[in-house]
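Chemist: Any chance you can model this:
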Amino acid sequence: MTWEDIRYRDFYDVPRIFVFESAGKTYLAECRYSEGVDDYERAYTLFEMPPLSQLALDASWENLSAQAIRKLGEIAVTKVVFDKSKRRQVNTDVFTGML
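Modeler: I've put the predicted structure just below:
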């Protein structure tokens with residue numbers, strides 16, 4: 001298992017948007033809230049990001065995905081494994097093939 005540290009915002013059962021680094025690249029996993037169904041989407045959308053400055057990480061993440069280099073795909077929220085606290089690390093094995 002490969003574990004990477006995360007930084008996250010919007011926590012509801014699990015982080016709903018988080019950033020992690022793997023093999024020298026930065027990634028964003030985003031699970032948006034859907035007003036239409038009054039709940040969070042069932043999948044994370046994974047993006048490859050440019051390097052993010054501390055200023056970008058401290059600012060609003062509302063449109064962070066607009067800075068993406070490219071969209072890599074989607075993965076069901078239920079398939080993503082976090083550490084016991086669900087706030088520090090993500091197991092990136094589930095993203096194999098997308099990174």
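
Chemist: Select the helix or strand of the chain having the lowest average pLDDT value.
Modeler: strand 33-34 (a mean of 90; mean pLDDT, DSSP states H and E).

Chemist: Go ahead and flag the most central residue of this structure.
Modeler: With distances taken as C-alpha atoms, centre = their mean, the residue of the chain nearest its centroid is A29 (2.0 Å).

Chemist: follow-up on the earlier one: how far does the least confident helix or strand of the chain sit from its chain's centre?
Modeler: Its chain's C-alpha centre and that of strand 33-34 lie 15 Å apart, by C-alpha atoms, centre = their mean, to the nearest Å.

Chemist: I'd like to know which elements that strand is packed against.
Modeler: With contacts defined as 3 or more C-beta pairs under 8 Å, 6 or more residues apart in numbering; DSSP states H and E, the packing partners of strand 33-34 are strand 39-40. Any C-beta I mention is one placed from the backbone N, CA and C, and that applies to glycine too.
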